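Chemist: Pasting the sequence and the predicted coordinates here, then a few questions.
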Amino acid sequence: MSDVSCEWYLDESKFDYDKERKKAFLLPQWGIYVCAYSRFRILSAIYAIGCDACYSDTDSIKYLGDHTDYFDTVNKKTRKIMKKVCAMYNLDYSLFYDLGSFEQEYNGKTVQAKFLGAKRYIVKDDTGYHTTIAGLPKKSLEKFVDRLNLQHDMFDYGKRVNMFDVFETGMLLNCEVSLKNANTYNDTMHTHTIDGVQCMELSSVGIYPIEFTMKLSDMYLALISAERESEKRYESRIY
């Protein structure tokens, strides 16, 4: 890859179509259809739920209220189709019966949630916090908040830190709590003595902890801004 006139440029002179084709075990149309059909299922659920839909991504929906009847109906139809397909191809239905079905993600009663973009949200229910933050390992945010609250308790700051207040654009988690690692390639020969034995490496890969900063994309911020402006215009017409 090289930058030509500020555009991505791909040198196809070394590309061998037949060689690449032999690596594939499915036609591209399979991937295209599966993705398109998945989006159709998600959008169909959003339209059925209506204004109660709060968030969705490639494989999930977050919503208000109780829509169990809708998802039970959809799952019943899906499993009926799966049963027919398994019989057609002599497959074990017990292994495939829930393929394509919706499942309840949280078992507790949700009391609070916050979304800051695709795959970036936290949900609190009566069983605790559930975090999904793209690029950040699970439990990192909980560990960070616990450390802040420990400091507050030690220095008698009084008010405890709320995870929803910490979860903001620009949130910074240092190396000690982020649980994130990066690696770098070392092409220099070096030696180490381990248990009296001298070991030599011609090259190596080093793994080291890194911090995490959450930034929202310009497209997402523009979308939120446009929605807020739309709400203001709607409210001005009402009042």
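Modeler: Looks like it came in fine.
Chemist: ok, the nearest residue to Ile210 once chain neighbours are set aside - contacts?
Modeler: With C-beta to C-beta, 6 or more residues apart in numbering as the criterion, Ile210 has its nearest non-adjacent residue at 4.7 Å, and that residue is Ala182. Where C-beta positions appear, they are placed from N, C-alpha and C, glycine not excepted. Contact partners of Ala182, counting by C-beta atoms under 8 Å, 6 or more residues apart in numbering, are Ile207, Tyr208, Pro209, Ile210.
Chemist: just checking, next helix/strand downstream of whichever helix or strand Ala182 is part of?
Modeler: Taking DSSP states H and E as the criterion, Ala182 maps to strand 180-186. Next along the chain after strand 180-186, taking DSSP H and E as the criterion, comes strand 190-194.
Chemist: How about residues contacting that next one?
Modeler: The contact list for strand 190-194 (C-beta under 8 Å, 6+ apart) reads Gln198, Cys199, Met200, Glu201, Ser204.
Chemist: burial count for the last one?
Modeler: Spelled out, that is Ser204. Neighbourhood size, Ser204 [other C-beta atoms under 10 Å]: 12.
Chemist: Would you mark the buried spots in stretch 63-73?
Modeler: Residues of stretch 63-73 classed as buried by neighbour count (16 or more other C-beta atoms under 10 Å): Tyr63, His67, Phe71.
Chemist: now the end-to-end length of it.
Modeler: This stretch, stretch 63-73, spans 17 Å end to end (C-alpha to C-alpha, to the nearest Å).
Chemist: Report the mean per-residue pLDDT for that stretch.
Modeler: What stretch 63-73 shows for mean pLDDT is 91.
Chemist: same question, stretch 126-140
Modeler: Averaging pLDDT along stretch 126-140 gives 86.
Chemist: Just the C-alpha atoms of that stretch, please, in PDB.
Modeler: The C-alpha coordinates for stretch 126-140 follow below in PDB (Å, rounded to 0.1, in the frame of the first residue of the first chain):
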ATOM      1  CA  ASP A 126     -29.900  -5.900  39.200                       C
ATOM      2  CA  THR A 127     -27.100  -8.300  38.700                       C
ATOM      3  CA  GLY A 128     -24.400  -5.600  38.100                       C
ATOM      4  CA  TYR A 129     -22.700  -3.800  35.300                       C
ATOM      5  CA  HIS A 130     -22.100  -5.200  31.800                       C
ATOM      6  CA  THR A 131     -19.600  -3.300  29.600                       C
ATOM      7  CA  THR A 132     -18.900  -3.600  25.900                       C
ATOM      8  CA  ILE A 133     -16.300  -1.200  24.700                       C
ATOM      9  CA  ALA A 134     -14.500  -1.800  21.400                       C
ATOM     10  CA  GLY A 135     -10.800  -1.900  21.800                       C
ATOM     11  CA  LEU A 136     -11.000  -2.300  25.600                       C
ATOM     12  CA  PRO A 137     -10.800  -5.700  27.400                       C
ATOM     13  CA  LYS A 138     -13.700  -6.800  29.600                       C
ATOM     14  CA  LYS A 139     -13.500  -5.600  33.200                       C
ATOM     15  CA  SER A 140     -11.000  -2.800  32.500                       C
END
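Chemist: follow-up on the earlier one: how near is the residue nearest to Ile210 to Pro209?
Modeler: 8 Å (C-beta to C-beta, to the nearest Å).
Chemist: tell me the contacts of the residue nearest the centre of the chain?
Modeler: Nearest to the geometric centre of the chain sits Lys119, at 3.3 Å (C-alpha atoms, centre = their mean). Lys119 makes contacts with Asp57, Thr132, Ile133, Ala134, as judged by C-beta under 8 Å, 6+ apart.
Chemist: Buried among those? Need that as a selection in ChimeraX.
Modeler: Buried members of those, defined by 16+ other C-beta under 10 Å, are picked up in ChimeraX with:
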select :57,132,133
